[in-house]
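K.L.:
Sequence first, predicted model second:
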Amino acid sequence: MTHSETLFEQAQKYIPGGVNSPVRAFKGVGGTPLFFKHAEGAYLFDEDDRRYIDYIGSWGPMILGHSDPRIKNALHAQVDLGIGYGAPTALETEMAKKVCELVPSIDLVRMVNSGTEATMSAIRLARGYTGRDKIVKFEGCYHGHVDSLLVKAGSGALTLGVPNSPGIPASLAEHTITLNFNDIDGVRETFKEIGDRVAAIIVEPVAGNMNCIPPAPGFLEGLREVCDEHGSVLIFDEVMTGFRVSLGGAQGFYGVTPDLTALGKVIGGGLPVGAFGGKREIMEYISPLGPVYQAGTLSGNPLAMTAGLTTLNAISEPGFHDKLSAKVQRLTEGLKQAADEAGIPLTVQSAGAMFGLFFTEAESVSRFDQVMDCDAERFKHFFQGMLKEGVYLAPSAFEAGFVSAALSDEDIDHTIAAAKKVMATL
Ligand code: PMP
């Protein structure tokens, strides 16, 4: 038995399924999840001392690569000062100012501890602000395990086959209307009927929880128009895309301005952080300024703010995101070529520093049903083959992949060479 297998067996005695977040259990790809003990730069090292090139980056936050010395040093210094005070700090203002500068649609921002908290609070705020109950979301988009949003959800919910989780009262789920991503006509039709009852549209501006689907031309712009026409709040869930698709997130990249934005992942530099922010007029409805309640014992924690702020400062260097996009291009073009040579139909898509691989004949994938038509079995074999070659991809056909600044051209070339070997066996 490997050390990972032993550790997984022990973990299952005390932790449901042996993991603290379902997709880590490798249910979507089979086999035993790897247990890691160390990470440095572009690499993860498992308990059996094997090295992997990492394309998950702790599910997004590690945009600088692992164990970045700037983050480590800043954290050590903050540990010496204090781990948490539960009271205001200058760091929180510095963080908020930075977020407002990088994302111009955000006038005011509140820190929370996860992406789930960010979307949950944004939804509550939109409902409180508009006095309406209904929420529009899109099939295959995942916004965290918020009751109202765990309806036809993507990510682990889709991987584990429970896009509609038991435990959510029907009386709550009935307020969530799920439409098709990239189908603006469907949105317009729905709003003709019930637009005056819709508090908010929430959308991943690049869908990253059903693989990687960029918005069709006009889709995000159309959502903006519909919300303006009907007095609904437009929420961009940029937990994944924020500071990754571009420094200003997907909204900066595509030039569409939401009313509220949910943030997570990169904003915490690897520590548990989320945030939501937006238009002053709406954000002023949040407690203690306004009547919509929201709070957090550890929100704005100084260690978390330190890791996040150090990350945001580092990625603000000119050209940082161009370099990341170039890495994604090199990677996706190489993988596509490897597939072509092996006669395996593969479509690659990307947006900034995130990418998706689809085992499909379709030339581009823009809809949920096309994602579901992809060859999941082939993905499983590809995943397992790549793992044996020392390449750690997301263990699900429904997750986007991420690159970090630590990933070198040699790492990418190694990945492509591995893919050539594996593709030949598919
Ligand atoms: N929104 C999006 C777009 C996400 O990708 C995720 C997590 N993958 C979440 C929200 C939830 O974030 P968290 O897991 O930090 O609660």
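P.N.:
Everything's here; your move.
K.L.:
got the residues of the stretch 201-350 of the chain near the ligand?
P.N.:
Residues of the stretch 201-350 of the chain lying close to the ligand by Cβ under 6 Å from any ligand atom are Glu204, Gly208, Asn209, Asp237, Val239, Met240, Gly264, Gly274. No exception for glycine: its C-beta is placed from N, CA and C like everyone else's.
K.L.:
again, only this time at 8 Å
P.N.:
204, 208-209, 237-241, 262, 264-265, 272, 274 (Cβ under 8 Å from any ligand atom).
K.L.:
neighbours of Asp80, just the number please.
P.N.:
Per other Cβ atoms under 10 Å, the neighbour tally for Asp80 reads 8.
K.L.:
The one 10 residues further on now?
P.N.:
Other residues within reach of Ala90 by the criterion other Cβ under 10 Å amount to 9.
K.L.:
And the pLDDT at it?
P.N.:
For Ala90, the pLDDT comes out at 98.
K.L.:
From Ala96, how far out is it?
P.N.:
From Ala90 across to Ala96, the span is 11 Å (Cβ to Cβ, to the nearest Å).
K.L.:
With Ala376 instead?
P.N.:
42 Å.
K.L.:
who has more neighbours, the two?
P.N.:
Ala96 (19 against 16).
K.L.:
For the helix or strand in which the more buried one is found, could you pull out the residues that count as buried?
P.N.:
Here Ala96 sits within helix 90-102, counting by DSSP states H and E. Going by neighbour count (16 or more other Cβ atoms under 10 Å), the buried part of helix 90-102 is Leu91, Glu92, Met95, Ala96, Lys98, Val99, Leu102.
K.L.:
is it true that the last one touches Arg244?
P.N.:
No - assessed by Cβ atoms under 8 Å, Leu102 is found out of contact with Arg244, at 11.9 Å.
K.L.:
got a list of what the residue nearest the centre of the chain touches?
P.N.:
Taking Cα atoms, centre = their mean as the criterion, Met240 is the residue nearest the geometric centre of the chain, at 2.7 Å. Met240 makes contacts with Gly60, Gly115, Glu204, Val206, Gly208, Asn209, Gly264, Lys265, Met354, Ala400, as judged by Cβ atoms under 8 Å, 6 or more residues apart in numbering.
K.L.:
Thr178 now?
P.N.:
Contacts of Thr178 (Cβ under 8 Å, 6+ apart): Val136, Lys137, Phe138, Glu139, Val151, Lys152.
K.L.:
Repeat the analysis, applying 7 Å as the threshold.
P.N.:
By Cβ atoms under 7 Å, 6 or more residues apart in numbering, the contact set of Thr178 is Lys137, Phe138, Glu139, Val151, Lys152.
K.L.:
Show the model's pLDDT score for the closest residue to Met283 other than its chain neighbours.
P.N.:
Once flanking residues are discounted, Met283 sits nearest to Leu108: 3.9 Å by Cβ to Cβ, 6 or more residues apart in numbering. Note for Leu108: predicted pLDDT of 98.
K.L.:
Then Leu298?
P.N.:
At Leu298, the pLDDT recorded in the model is 98.
K.L.:
what's the neighbour count on the residue in the chain positioned nearest to the ligand?
P.N.:
Proximity of the chain to the ligand (Cβ to the nearest ligand atom) peaks at Gly115, 2.2 Å away. By other Cβ under 10 Å, 31 other residues sit near Gly115.
K.L.:
surely it meets Thr261?
P.N.:
No - counting by Cβ atoms under 7 Å, Gly115 stays clear of Thr261, with 11.6 Å between them.
K.L.:
Mind listing the shared neighbours of these two?
P.N.:
By Cβ under 7 Å, 6+ apart, no residue touches both Gly115 and Thr261.
K.L.:
Could you pull up the mean pLDDT of the biggest helix by length in the chain?
P.N.:
The helix that spans the most residues within the chain, counting by DSSP state H, is helix 320-342. In this model, helix 320-342 has an average pLDDT of 98.
K.L.:
Can you mark which positions in it are buried?
P.N.:
320-321, 324-325, 327-328, 330-332, 334-336, 338-339, 342.
K.L.:
ok, the following helix or strand past it: who's next to it in the sheet?
P.N.:
Next helix or strand after helix 320-342 toward the C-terminus (DSSP H and E): strand 347-351. Its sheet considered, strand 347-351 pairs with strand 354-358 (antiparallel) by DSSP bridges.
K.L.:
ok, now which ones touch the residue of the chain closest to the ligand?
P.N.:
Per Cβ under 7 Å, 6+ apart, neighbours of Gly115: Gly144, Val239, Ala262, Gly264, Lys265, Gly274.
K.L.:
cool, and Thr93?
P.N.:
Taking Cβ under 7 Å, 6+ apart as the definition of contact, Thr93 has no neighbours.
K.L.:
just Ala173 next, same as before
P.N.:
Residues Val151 are the ones in contact with Ala173 under the rule Cβ under 7 Å, 6+ apart.
K.L.:
The same query, at a cut-off of 10 Å, please.
P.N.:
Asp147, Ser148, Leu149, Leu150, Val151, Lys152, Asn164, Ser165 (Cβ atoms under 10 Å, 6 or more residues apart in numbering).
K.L.:
Farthest pair within the residues you listed?
P.N.:
Asp147 and Lys152 (13.6 Å; Cβ to Cβ).
K.L.:
Cross-check the contact I'm expecting between Leu150 and Thr176.
P.N.:
Yes - using Cβ atoms under 10 Å, Leu150 is in contact with Thr176, at 8.8 Å.
K.L.:
Now list whatever residues contact both of the two.
P.N.:
Shared contacts of Leu150 and Thr176 (Cβ under 10 Å, 6+ apart): Lys137, Asn164, Ile168.
K.L.:
Just give me the least confident of the residues you listed.
P.N.:
Scoring the shared contacts of Leu150 and Thr176 by pLDDT puts Asn164 last, at 84.
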